[in-house]
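J.: Quick one: sequence and predicted model below, then my questions.
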Amino acid sequence: MSDERLPRDPLKREALVQAAKPERPIRPFIHLRVHSAYSLLEGALQLGKIVGHALKDEAPAIAVTDTNNLFGALEFAQKAVKDGVQPIVGCQLDLAFSGEPADGQRDRRRSGPDLRPVVLIAASQAGYANLVRLVSRVYLDTPSGEALHISTDMLEALAEGIICLTGGPRGPIGKALRDGHTELAESRLLALKSLFGDRLYVELERMGDYDRAIEKATLELAYRHELPLVATNEAFFQAREDYEAHDALIAIAEGAVVAADDRRRLSPNNHLKSQAEMAALFADLPEAIDNTVEIALRCSYYPVNRKPILPRFAGAGVADPEAAERAEAEELKRQAREGLVKRLAAHGPTVGHTQEDYDKRLEYELGIIEKMKFPGYFLIVSDFIKWAKAQDIPVGPGRGSGAGSLVAYALTITDIDPLRFSLLFERFLNPDRVSMPDFDIDFCQDRREEVIHYVQGKYGRDQVGQIITFGTLQARAVLRDVGRVLQMPYGQVDRLTKMVPQNPANPVKLADAIANEPRFAEEAEKEPVVQTLLAMAQKLEGLYRHASTHAAGIVIGDRPLSELVPMYRDPRSDMPVTQFNMKYVEQAGLVKFDFLGLKTLTVLDIAVKLIRRRGVDIDLAHIPLDDEKTYSMLSRGEVVGVFQVESAGMRKALIGMKPDRIEDLIALVALYRPGPMENIPTYNARKHGEEETASIHPKIDHLVKETQGVIVYQEQVMQIAQELAGYSLGEADLLRRAMGKKIRAEMDKQRERFVSGAVERGVSKPQADFIFDLLAKFADYGFNKSHAAAYAVVSYQTAYLKAHYPVEFLAASMTLDMANTDKLADFRQDAMRLGIEVVAPSVQTSFRDFEVAENRIFYSLAAIKGVGDAAVHHIVERRGDKPFKSLADFCERIDPKIVGKRVFESLTMAGALDCFGHDRAAMMAGVDRMMGLAALAHENAVLGQADIFGASLGAQSQALALPAAEPWLPADRLHREFQVVGFYLSAHPLDEYKTVMEKLRVQNWAEFSAAVKRGATAGRLAGTVTSKQERKTRTGNKMGVVNFSDMTGQYEAVMFSETLVQYRDMLEPGKSVVITVSAEDRPEGINMRIQTVQSLDDMAGQVQKSLRIFLRDASPVGTLASQLGVKGEGQVSFVIIKGEAQGEVEVALPDRYRIGPREASALRAVPGVVEVELV
């Protein structure tokens, strides 16, 4: 074999040469057709297992040929090379032969081209580039609705450097022979030969009778046309015993069940066979085995890492790369210097720094950026951020370590002055550790796409793409999927699934769940199918289930991306997507830009626009950072809607801290995490003079003065190493990283360096060792100060708006959270606390967003469940500046195809149609009539007709007659309102019990929660049940989780077995009760456990002794007597109002009845009743 066909790695060249020698006892075989887990829901082999098989079997090379993709190409190459195995990169693609008749012309049951798989393998660098282009075209060029495939027309231009295997018995040649179309098989083979020449191999498989049936005809064709044979064994799983689990995977992919007959099935032979097995299987055709080594020898290329590739921002027309780099560096310097002048003109140098300090820092950063060849990156980011700001698209002040760069501040990439907050450039870009800078940019979530479209337009749509991500079969999901295809009862699978702890942030492995939960073993012992389920699920766990796109990552290339990496099309996106995930797309040379959507920026933007309506123009970049009103509000913990500090634990920390400067907020953002939060009490005590600040060492105490002597930030670790031990800041960043990783050898090396440097500067060795250990502890959980500062500024901006413009701020917050009824309830409660009226929704006054006027917030129509944006836009458009005159007028002016029956019902239940003066029950009963009128009016409007009497419908609008319906009782009306609004808005079911609750001396939620924070551990509350869920604990016992509402908020309490059985029936949604609870204040909120439950109606009957019914005359008495059916302890009397001169006549009834607010509400609805009074 000629030398140029050997791999470039000398070790692999030697291994393959040795493998090809005839004296080797087992004829060597290289697997050329292997499906990894990247053949989604088809391959069950992780890349590491594929390489591991080659090592164990002493195979010098192995291929991965996934179906329709190169998802794992670079990852596989890296893993194989690392372990000394030659990677062979290929792909299985369905091929259509151009010029052939459609399949339907041969078989009327099908239509479209006859697509059959071939295997394409990259033999050279050109071959890999062509394979990348082909796979990209499969996704980018295949019309929607068509099966993914390539054509022989595509191959004519892109076959160079590619080896083709004919696909075996299921390929285009094998299928034609199987169908008896020998001539078709031959024409296809010759078409492939004309494309690939001596790079075409006729593929043979021996899986079973299906393959053997056409082997003779295949051999005859190959020999006739002098084409080499190659033996393959298409592998999808590792060992024969994995077949059943893999069969379940195929069933999952097809949405079928394992027992179904009409589905795809493979064979137990589709596993990774050993070289010995394959040599024995093809002992009669040794050349087919030998050619696997021949092909491996011909494969001289595999994908490798590249240096970062970016489009030229400046100097694009300059041919000399070095001259182009210099042009970009000069452009960056020009923009940065000019930008800094503007920044300092607007804000001035920060206290303690001079113009010279800024200039010196800027030039230092520019020098490092130029040396590391990143000027283009800064210019690209600056360009799209400047464009966004010019379009009034809100951009965050910064995120991550990028806020530590003065160049970024000068270019308006960030709005954080790094000198003002003592932020370090080396934490972002370290000259001692070459890695790409990484700006994460927050944009207004509603307009983020506009910025991406700008970037596409500037650099070319084919040069900008998103990044792929892969969803995996995790423990819970794989149990559900396998249980379904095994046709196990849903309840049984659900019970087993819930034994796996749910932790999305750190998913529990199924093996760990089984080891820690004895009920799994008990269930498996009782039922063999459970044992099967657990065994299969563990084999499939971790495999890739689907591909999607990274939430924020965008890559920009200097040429079409398909010339750099294989591309994919996500049907949910109009942008191309890289086939390599975030880790490997960067290693392939593409630079990631994170375009993040931050809801808070949209809230701020909407609030500022609402404030502008009152004639006040706010520039958030210039608000004072020392506003007393803002810090006073934060210190009281009044932070509903305030970014980063809304949680119960954060509120508690704020109240303890009583922040009075931005540095306090920065510290709190950094400290409020597991581990560091244990330092919050120390920070607070020292801040308020309750505890003396301990000295670490006089040389470095000034570095931790801002944080009350507590090491909070990674930057402090770096600065201490610099000042105490003589590290450069670049070296100090490496120290910080080493401490975080806790690698013993590296730590020992750094300790020696640190201690010797400190001793040279006058620190004793014991002190130096102590400080090193202290730094190592804090480096483990120290926070990036740049990120904390940027997010603290956003937090302060939201707090400032809330403190000074609460109406606009809360309205904006409600608009952005309109789909979250829990948040809406919190905002509405906060508005009530602040004396702001939240006006119930109305088709006359409401809009899509929450709107404001004076001290009122008008509820959004779109926030009503079941309404939707399209219906709201239509209602608002039809209303225009002419309010609806009546319910009939409303019906006539809307299109019932847009505002359907469900929308009418939701609007009625929410009270949005109350403005027309009709009873809600009557409108609900008359929905069909309303829809009928709307349909008739719309139809006639379309036809341009009047009604049959020649008059317009508008003239008869008042004729809409609603059916008679018994009015809803207040409690029923509010329950229906709750169903569509998500909380009680117009009133509360407990309003009628106000007197009762005062007599019972129960606490409301606001009072009780405040008492618990002060140390109370029990109490008694009244509430209306809004929801109840029952579930099982880990021990198998039942527990209930009940949500309640009162006039001050919503809360949750739990109850366990005996209490649940005793009180279950009393806790149905809509019922009002009094509960006694035990309570505990935890960081995540107040935890409550129900002890007893009593009906509020029953308790009302105990404290309210009499009921007086006021009447104009005696006519309603008969009806009222029937309403008073339930006997009890209450005295009832009728009071007949005779007139001012005659006074009143009161008649007490002889019997006693059950009385309370519910009964009073029912009596008020009786015609003729003036009022009902409980005493």
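T.: Alright, I've got the coordinates.

J.: Quick check: which ranges of the stretch 201-350 of the chain have low pLDDT?
T.: Scanning the stretch 201-350 of the chain for pLDDT under 70 picks out the ranges 314-319.

J.: do the same with the stretch 851-1000 of the chain
T.: 944-959.

J.: What segments of it are helices?
T.: 869-879, 887-893, 901-910, 920-925, 927-943, 970-981, 994-1000 (DSSP state H, counting those that start in this stretch).

J.: Kindly export the third one (C-alpha atoms) in CSV.
T.: So the one you mean is helix 901-910. Coordinates of each C-alpha in helix 901-910 appear next as CSV, following Å, rounded to 0.1, in the frame of the first residue of the first chain:
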residue,chain,number,x,y,z
LYS,A,901,-67.2,30.6,22.9
ARG,A,902,-64.4,29.8,25.3
VAL,A,903,-63.2,33.4,25.2
PHE,A,904,-66.8,34.6,25.9
GLU,A,905,-67.0,32.3,28.9
SER,A,906,-63.6,33.4,30.3
LEU,A,907,-64.5,37.1,29.9
THR,A,908,-67.8,36.5,31.7
MET,A,909,-66.3,34.5,34.6
ALA,A,910,-63.5,37.1,35.0
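
J.: Just want the angle from that helix to helix 970-981.
T.: Inter-element angle recorded for helix 901-910 and helix 970-981: 130 degrees (by axes from the mean of the first three to the mean of the last three Cα atoms, to 10 degrees).

J.: Now helix 901-910: buried residues?
T.: Val903, Phe904, Glu905, Ser906, Leu907, Thr908, Met909, Ala910 (16 or more other Cβ atoms under 10 Å). Backbone N, C-alpha and C define where each C-beta goes, glycine included.

J.: Kindly report the same for stretch 357-377.
T.: 358, 361-362, 365-366, 368-370, 372, 374-377.

J.: from these, which two are the most distant?
T.: Maximum pairwise distance in the buried residues of stretch 357-377, criterion Cβ to Cβ, is 23.9 Å, between Tyr358 and Gly376.

J.: And the next helix or strand past the helix or strand bottoming out on mean pLDDT in the chain?
T.: The weakest-scoring helix or strand in the chain, judged by mean pLDDT, DSSP states H and E, is helix 10-20 (a mean of 54). On the C-terminal side of helix 10-20, the nearest following helix or strand under DSSP states H and E is helix 47-56.

J.: Could you list the paired strands of the helix or strand following that following helix along with their orientation?
T.: Going down the chain from helix 47-56, the next helix or strand is strand 61-67, by DSSP H and E. Here strand 61-67 is paired, per DSSP bridges, with strand 86-96 (parallel).

J.: who does the next helix or strand after the strand it pairs with touch, helix- and strand-wise?
T.: Sequence-wise, the next helix or strand downstream of strand 86-96 (DSSP H and E) is strand 116-122. Judged by 3 or more Cβ pairs under 8 Å, 6 or more residues apart in numbering; DSSP states H and E, strand 116-122 is in contact with strand 61-67, strand 86-96, helix 125-140, strand 162-165, helix 172-178.

J.: Can you say which of these is nearest to Ala1121?
T.: Per Cβ to Cβ, nearest to Ala1121 of the helices and strands packed on strand 116-122: helix 125-140, 77.6 Å.

J.: List the buried residues for the closest one?
T.: Residues 127-140 are the ones in helix 125-140 that count as buried (16+ other Cβ under 10 Å).

J.: isn't Met814 right next to Val852, touching?
T.: No - Met814 is beyond contact range of Val852, at 10.3 Å (criterion: Cβ atoms under 8 Å).

J.: before we move on, the earlier item: would you list the helices of the stretch 851-1000 of the chain in a markdown table and tack on distance to Lys216?
T.: Conversion of those to a markdown table gives the following (distance: least, Cβ to Cβ, whole Å):
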| stretch | distance to Lys216 |
| --- | --- |
| helix 869-879 | 64 |
| helix 887-893 | 78 |
| helix 901-910 | 66 |
| helix 920-925 | 77 |
| helix 927-943 | 71 |
| helix 970-981 | 72 |
| helix 994-1000 | 92 |
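
J.: among the ones you listed, which is nearest Gly1040?
T.: Going by Cβ to Cβ, the one of the helices of the stretch 851-1000 of the chain nearest Gly1040 is helix 970-981, 19.6 Å.

J.: So in the chain, which helix runs the longest?
T.: helix 321-347 (DSSP state H).

J.: who's in contact with Arg1154?
T.: Residues in contact with Arg1154 (Cβ atoms under 8 Å, 6 or more residues apart in numbering) are Gly1101, Val1126, Lys1127, Gly1128, Glu1129, Gly1130.

J.: Which one of these is nearest to Leu310?
T.: Nearest to Leu310 among the contacts of Arg1154 is Gly1101, at 77.5 Å by Cβ to Cβ.

J.: Just confirm that closest one is within a helix.
T.: Yes - counting by DSSP: H, G, I helix; E, B strand; the rest coil, Gly1101 falls inside a helix.

J.: Let me know the pLDDT of it.
T.: Confidence at Gly1101, expressed as pLDDT, is 76.

J.: Confirm for me that it is in contact with Gly1128.
T.: Yes - assessed by Cβ under 8 Å, Gly1101 is found in contact with Gly1128 at 5.6 Å.

J.: Overlap in contacts, these two.
T.: Here Gly1101 and Gly1128 share the contacting residues Arg1154, Ile1155, scored by Cβ under 8 Å, 6+ apart.

J.: out of those two, which sits in the busier spot?
T.: Under the criterion of other Cβ atoms under 10 Å, the comparison of Gly1101 against Gly1128 puts Gly1101 first, with 21 against 17.

J.: Quick check: which element contains Ser1115?
T.: Using DSSP H and E, Ser1115 falls outside every helix and strand.

J.: That one and Phe1134, how far apart?
T.: Separation of Ser1115 from Phe1134 (Cβ to Cβ, to the nearest Å): 11 Å.

J.: more crowded one of the two?
T.: Phe1134 (19 against 10).

J.: which element follows the helix or strand containing that one toward the C-terminus?
T.: If you go by DSSP H and E, Phe1134 is part of strand 1127-1139. Using DSSP H and E, the next helix or strand after strand 1127-1139 towards the C-terminus is strand 1143-1153.

J.: Within the sheet, what are the partner strands of that next one, with directions?
T.: Strand 1143-1153 pairs in its sheet with strand 1127-1139 (antiparallel), by DSSP bridges.

J.: What is the strand ranked longest in the chain packed up against?
T.: As assigned by DSSP state E, the longest strand anywhere in the chain is strand 1018-1032. In this structure, strand 1018-1032 packs against helix 994-1000, helix 1005-1013, strand 1038-1046, strand 1049-1056, strand 1072-1082, with contacts taken as 3+ Cβ pairs under 8 Å, 6+ apart.
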